[in-house]
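[1] Sequence plus predicted model, see below.
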Amino acid sequence: MSSEDVMMRLVRILEEVLERLKRLEEKLSGIPLSGEEAVLVQKLISLYYLPIGVAVEAARRVIGVVSQFRLDPISAEIVNILSVCREMNVSEITRAVRSVRGKASRRIVRERLHKLEGLGAVARVGGGQRPRYVLKSCLEER
């Protein structure tokens, strides 16, 4: 492949990326979001590669929980992670918190999950040695 072919391919890729960004902006402009929701939507899309509609719903779940309870940063991040309505165990949540915050203790994440469960923000699904957790609002939507 010649250098000219490579350049033409890069130009096509960049044009496609710009077109996708334009479509994203058009879709987002049609959805009424508060400033806080828009920031969360952007974070959820970039971290978890979520479709816009899914990210908007997840952001609204997060804001609902965070506005109801005063959460520390780790608990708020756990809510962010669980906002996509995927059931996760403590180890999976810890890895996700670690990927966002840079560090996370499994013990602290487990403690925060128990606290969130006591507040009624998070529900434990399944029993046994490896329980899974999900946002309570996700269960209510089912």
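    Nice, thanks for sending it over.
[2] Give me the domain ranges for this structure.
    What automatic domain parsing lists as the domains of the chain is 1-30, 35-141.
[3] biggest helix in the chain by residues?
    The residue-count maximum for a helix in the chain (DSSP state H) belongs to helix 3-29.
[4] list the helices and strands that one packs on?
    Under the contact criterion of 3 or more Cβ pairs under 8 Å, 6 or more residues apart in numbering; DSSP states H and E, helix 3-29 touches helix 52-68. The C-beta positions use only the backbone N, C-alpha and C, and glycine is treated the same way.
[5] Just name the most buried of the domains of the chain.
    domain 35-141 (a mean of 17; mean count of other Cβ atoms under 10 Å).
[6] Can you tell me the centre-most residue of this protein?
    Centroid-nearest residue in the chain, with Cα atoms, centre = their mean: L44, separated by 4.2 Å.
[7] and the longest helix of the chain, how far out from the chain's middle?
    25 Å (Cα atoms, centre = their mean, to the nearest Å).
[8] residues touching the residue nearest to the centre of the chain, list them.
    Shown in contact with L44 (Cβ atoms under 8 Å, 6 or more residues apart in numbering): L50, V54, A55, A58, A59, N80, S83, V84.
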